[in-house]
Structures are given as C-alpha cells and as structure tokens.
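Enquirer: Here is my input, please return the structure:
(chains A and B)
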Amino acid sequence: MRDATTSPSRAGHGTPALSVRGFTKTYAGGFTAVQGLDLEVPDGAFFGLLGPNGAGKTTLIGAISNLVRPTAGEIEVFGHRHDAREARRLVGLAEQDINLDRFLNVDEVLIYHAGFFGMGRAHARRRAKELMDVFDLSAKAKVRPTALSGGMRRRLLFARALMHEPRLLILDEPTAGVDVELRSELWEYTRRLHEAGTTILLTTHYLEEAEALCEEIALIRGGRIIARDSAEGLRAQYGAADIAGVYLQAMARAAEDERRVAA
Amino acid sequence: MSVSSVTGALPDPNAPFTEERRGLIWLCEREVVRFLKLWVQTLIAPVMSSLLFIVVFGVALGDRIADVDGVPYKQFIVPGLVVQAILTAAYSNNSSTVFQARSDRFINDVLSSPLRWWEVNIGLAIGGVVRGLMTGILLLILAVAMTGIGVERPFVLLIATALVLVAFAQLGVIAGIYAKSWDFMAFVTSLVILPLSFLGGIFYSVDRLPAAWELVSHFNPIFYLVQAFRIGFVGQGDVSVWLALAVLVALAAGLSAWCAWLFKTGHRLKP
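Expert: Sure, this is the predicted structure:
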C-alpha cells in the first residue's frame, strides 16, 4: 500500500498539482472541519475524494479554491501558494451547488467568467462558443440560467469551470441530481479531459463511478484521510469486492477508532 | 453532448500570470451590464420618484412658499433631491448586487478568480458609482429644465458628487456583505437613509429650526452632503463649504477603509 498522503507524479517533473500540508480549518463557531490534513495529488492524476457528508471535502475544496480561509497549514497548486494569482489561474471549480449568475445569459456567464481570469473578449467568445457546442447549450445562449432545466444548469456549471482552460479541475459532486444519460456523458467527457492532461480532483457519492474513473482514491472522515490507494489496492487491503465495500469497512473502522479515542 | 471533442490548451504551470484584458475591467463591465439590464427599475423609477417631489413641492407649491435665503423654493429643494437620488442609487445598487451574489453564491466565481482583493472591491463598487452618476445626470437635466436652477460652483459640485458616490457605493457593498436577508437592506434604506435624508435639510434650511433641532441636524452626516450640493448649485448653504467637504472626505475615507478591510481579510466573504 502507498503512503496515505503522497504518490509519485505521473508527469515526472516532481511538482505535484496539489500539495496540502497540515491543513486545519476551524470555523467561527469553533467547529473544526479539518484537522492537520496532508494530501498530495500528482500532476495529471484522476483523484477521487470520498467521504460522508461533513467529512471536510467541501471545506478542503473551498480552501484550495481560495473560498475558505485556512486556520493553519499550507496549500500549494503546482508549486504556487494557493492564493497566488498563478495558482488561481490554474484551478477550475465546479461546485456542488448550482451557483450561476442570474443576471447574465448563458453565453455571458461563460464570457465574464473567462474575463475574471484575464481572457480577452475575442478569445472568451471563441472559447464560450466551443464549450456551448460541446455541452449542447448553443440554442440557449441568450437564455438566463434561471430559465434552464436542472441538467442544463449542471452542464453550464461544468462548462464555466473549463472556460479558462484550468490545469487542475475540481469537481465537487458534479453529477448530483442529474439523469443517468447526462451523468454518463459528463463522466465520459471528464475522462477525455484527463486523457488530455488535466488533473482532476473529484468528490462524488457514486462510489462505483469513482472506482471506474479514478486512478487513486482517498477516503476522508472527520477531516482526516483514513485510506488512500488505487481502487484495486483498496479492495485488496480491505478484502472487499468493490469500493462500496471498502468504504463501509473503512468508515466503520474509523468510527471505532474515534470511539476508542473518545473513551 | 459532444463528449469526443476536448478543446483548449493546458496552461504552463510555471508561466507567470498575464491578462489579455484586465479582470477588473470585466468585473466593472459586469456590474454596469447588470443594472442596465434592469434600467426601468434602476434608472427610470428613481428619477421619476425624485422628479415628483420637484413637481409637487417645487413647481406646484413652490410659488406659495417664500424664497429661502433669496433662493426660489423650487430651486432650493433641487440639490437635496439630486444628492438623495444619487446616494440612494449607489447604495441600493451595490447592497443588492453583493447580497444577491452572496446569497446565490455566484460571488465565488469572482473570489476564486485571480482578481486581487482591491480589484474585487473596486469592481463591485463601480456599478453603484455609474448608476448613481447616471441617475444624478438624468435628474439634473430634468430639474434644470423645470426649475431653471444653475450651477454656481461647479468644482464644489464635482468634488461633492465624487465623494458621495464613493461613500455610498462602499456603504452599499458593506451592507451587502453584512446583510443576512433582503429585509436588512430594506431596513437601512427605509429607516436609516430615507429619514436621515429628509431630516438633512432637503426641504428646509436648518437655520429656521429651533436651536435644539438645529444642533441635532449637525450630527446627521447626510446634512453635510445636502449642504455641499446646495453650495455647488446655488452658492450658499447652512455650513461652510470646507466643513461640508471635510465631513464628506471623512465619510468616504472611513467607509472605503472598512470596505478594504473586509476584502483584504475576507471577513464575512470567506468563512
């Protein structure tokens, strides 16, 4: 079994796409969502982060994306501090919740997003057209997000995250609430992005999809990583038939450990 | 979906960040586009509302009210109504744009981008500045046509306008950041800004109030805004131009510093 926090870079140049050291987040009310978390994701990896609600996944993603202020620890994206402009330019984020600008049309949502990342107007328009074609949104280019179906909003959210051509794409439960057909298409597209070199950090509650897509999977609970390996490695380690079995066993063991420590 | 066509080139992770067009310009543009899409609600309605005061109190009743310090009443009320329209437009624009962006969480699109904290601050504030300016200009054109008011001290008016726009654009952003509901912003507009405006000498000279009320008026910051505008338009007010502008500078500087602190630290914007 590999070390629980690191693995070699697939690109081989040694700088990981994501490096998290000692990350702790305690919210204003005193609740500690993540405590001393270490994690390294190699450049070019397809990395899955699985865990129950409240495990700290979204807090971690928020901190990487400069949306949550770390209480302690260091986060680097391709060797840059996570809050540096160089780092932020490299990260694309599709959040769990649909958070689209209600005042803009579909094409404007994409174009302005690219603009915030410094893209020129002609470049942004070209890129928006490409992605609207890919995500079947061209016919809705002048429609506001509030008038789109749930599936279309999810596609727009995905397209927006890709507008500035990120090298690290973070997908926080990107297929929550979408139908089977669209989910399959989104996963297929994500696989192709990965093949083209994009590093992908994925959280999902669809364990079978994480197993099929991710090269590596980390299980997170109570703000700490309790297991990390390839799907095959995890199955072997836990003697389980699939990742769902691994997940249940790992969570049960962690819960038992937590009870023992508390006692 | 065309799942087979992956487009776009991966950026070099070691390359320095460069912009083809400044993100700040894009954010400013977005904020102006937002209120222009709602132009009837954001421009026409406030201009019409202020215009009604000029029509009713100025043109219809103004002839029955004595001149105030030699200024015809219909002209006397114009500076206060213009400044009230400007500050309300700047405040309400920015409080609603920031609160909506926080409430729907699409502010994350801006906060996760490479925009610097001060660029986000300026970008979010600019919508209120432009809307306030457009509201003021529209109202001014109509008020000049209806009352024949002139601009005695244009430089004072220019400085006062700039300071009011900065102060209330920033106040709007601050309110949008702290607000927990739409009710909060309606409360500030209806129960703080509107009463302070009306008690700030828009319709009367505080010289004519009883001494105690005159003293109380001097603790109302909007009183100094009205005075600065009145000096700019008709060349006279209840306080000196320097005191009026000094209060405006202090107000704009204080609110700008508060806003800068919020964006620099991420307080209430980022948990």
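Enquirer: secondary structure class for residue A:218?
Expert: For residue A:218, the secondary-structure state derived from DSSP: H, G, I helix; E, B strand; the rest coil is strand.
Enquirer: residue contacts, residue A:195?
Expert: residue B:6 (C-beta atoms under 8 Å, 6 or more residues apart in numbering or on different chains). All C-beta spots, glycine's among them, are computed from the backbone N, C-alpha and C.
Enquirer: With residue A:32 instead?
Expert: Residue A:32 neighbours (C-beta under 8 Å, 6+ apart): A:24-26, A:223.
Enquirer: Check residue B:27 too.
Expert: Here residue B:27 is in contact with A:115-116, B:110, B:115, B:119-120, B:123-124, B:126 (criterion: C-beta under 8 Å, 6+ apart).
Enquirer: Just give me the closest of the contacts of residue A:32 to chain B.
Expert: Using C-beta to the nearest C-beta, residue A:25 comes nearest to chain B of these, at 8.4 Å.
Enquirer: Now the helix or strand hosting residue A:159: buried residues?
Expert: Using DSSP states H and E, residue A:159 maps to helix A:150-162. The neighbour-count check on helix A:150-162 (16 or more other C-beta atoms under 10 Å in any protein chain shown) flags A:151-162 as buried.
Enquirer: Out of the contacts of residue B:27, who's the most crowded?
Expert: residue A:115 (29 neighbours; other C-beta atoms under 10 Å in any protein chain shown).
Enquirer: Keep only those of the buried residues of helix A:150-162 that are also close to chain B.
Expert: With C-beta under 8 Å from any C-beta of the partner chain as the criterion, the subset of these in contact with chain B comprises A:155, A:160, A:162.
Enquirer: Name the residues linked to residue A:227 by a beta bridge.
Expert: residue A:219 (DSSP bridges).
Enquirer: where does the chain have low pLDDT?
Expert: Here I'm looking at chain A. Along chain A, the parts satisfying pLDDT under 70 run over A:1-13.
Enquirer: wrong chain, I was asking about chain B
Expert: Across chain B, the ranges flagged by pLDDT under 70 are B:1, B:3-5, B:7-8, B:62.
Enquirer: which residues touch residue B:21?
Expert: Neighbour list for residue B:21: A:115, A:118-121 [criterion: C-beta under 8 Å, 6+ apart].
Enquirer: List the buried residues in the one helix or strand residue B:128 maps to.
Expert: Using DSSP H and E, residue B:128 maps to helix B:117-147. For helix B:117-147, burial by neighbour count (16+ other C-beta under 10 Å) applies to B:117, B:119-136, B:138-140, B:142-143, B:146-147.
Enquirer: Reformat the contacts of residue B:27 as CSV; add distance to residue B:17.
Expert: Compiled in CSV, the contacts of residue B:27 are given as follows (distance: C-beta to C-beta, whole Å):
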residue, distance to residue B:17
A:115, 14
A:116, 13
B:110, 16
B:115, 11
B:119, 13
B:120, 16
B:123, 17
B:124, 21
B:126, 22
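Enquirer: Chain B contacts on the stretch 101-250 of chain A?
Expert: A:101-104, A:108, A:112-113, A:115-121, A:123, A:127, A:130-131, A:133-136, A:155, A:160, A:162, A:165-167, A:182, A:185-186, A:188-189, A:192-193, A:195-198.
Enquirer: where exactly do the helices run in the stretch 51-200 of chain B?
Expert: Along the stretch 51-200 of chain B, the segments classed as helices by DSSP state H, counting those that start in this stretch run B:73-76, B:78-103, B:107-111, B:117-147, B:154-178, B:182-188, B:194-198.
Enquirer: Would you write a ChimeraX line that selects the buried entries of the residues of the stretch 101-250 of chain A next to chain B?
Expert: Buried subset of those, written as a ChimeraX selection, criterion 16+ other C-beta under 10 Å:
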select /A:101,103,104,108,112,113,115,116,117,118,119,127,130,131,134,135,155,160,162,165,166,167,182,185,186,189,193,198
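Enquirer: Which secondary structure state is assigned to residue A:40?
Expert: strand.
Enquirer: ok, it to residue A:226 distance?
Expert: Residue A:40 sits 16 Å away from residue A:226, going by C-beta to C-beta, to the nearest Å.
Enquirer: higher neighbour count, those two?
Expert: Comparing residue A:40 with residue A:226 by other C-beta under 10 Å, the one with more neighbours is residue A:40, at 20 against 17.
Enquirer: Now do the same contact list for residue B:244.
Expert: For residue B:244, the contacting residues are B:160, B:224-225, B:227-228, B:231, B:237, by C-beta under 8 Å, 6+ apart.
Enquirer: so can I have a markdown table of those residues showing secondary structure, neighbour count and distance to chain A?
Expert: Shown next, in a markdown table, are the contacts of residue B:244 (DSSP: H, G, I helix; E, B strand; the rest coil; neighbours: other C-beta atoms under 10 Å in any protein chain shown; distance: C-beta to the nearest C-beta, whole Å):
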| residue | secondary structure | neighbour count | distance to chain A |
| --- | --- | --- | --- |
| B:160 | helix | 28 | 31 |
| B:224 | helix | 25 | 34 |
| B:225 | helix | 30 | 29 |
| B:227 | helix | 29 | 36 |
| B:228 | helix | 29 | 33 |
| B:231 | helix | 23 | 38 |
| B:237 | coil | 25 | 39 |
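Enquirer: Go through stretch A:224-232 and flag the buried ones.
Expert: Quick answer for stretch A:224-232 (16+ other C-beta under 10 Å): A:224-231.
Enquirer: Relative to residue B:219, which of the residues you listed is nearest.
Expert: Of all those, residue A:224 has the smallest distance to residue B:219: 54.9 Å, by C-beta to C-beta.
Enquirer: residues in contact with that closest one?
Expert: Counting by C-beta under 8 Å, 6+ apart, residue A:224 makes contact with A:34-37, A:56.
Enquirer: From these, list the buried ones, please.
Expert: By 16+ other C-beta under 10 Å, the contacts of residue A:224 give A:34-35, A:37, A:56 as buried.
Enquirer: Looking at the residues you listed, which are in strands?
Expert: A:34-35, A:37 (DSSP state E).
Enquirer: would you list those in JSON lines and tack on distance to residue B:253?
Expert: Shown next, in JSON lines, are these (distance: C-beta to C-beta, whole Å):
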{"residue": "A:34", "distance to residue B:253": "39"}
{"residue": "A:35", "distance to residue B:253": "41"}
{"residue": "A:37", "distance to residue B:253": "42"}
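Enquirer: Which of those residues lies at the shortest distance from residue A:256?
Expert: residue A:35 (18.5 Å).
Enquirer: hang on, isn't the closest one packed against residue A:59?
Expert: No. Using C-beta atoms under 8 Å, residue A:35 is not in contact with residue A:59, being 10.8 Å away.
Enquirer: Name all residues that make contact with the spatially most central residue of chain B.
Expert: Among the residues of chain B, the one closest to the centroid is residue B:90, at 2.5 Å (C-alpha atoms, centre = their mean). Shown in contact with residue B:90 (C-beta under 8 Å, 6+ apart): B:128-129, B:131-132, B:164-165, B:168-169, B:171-172.
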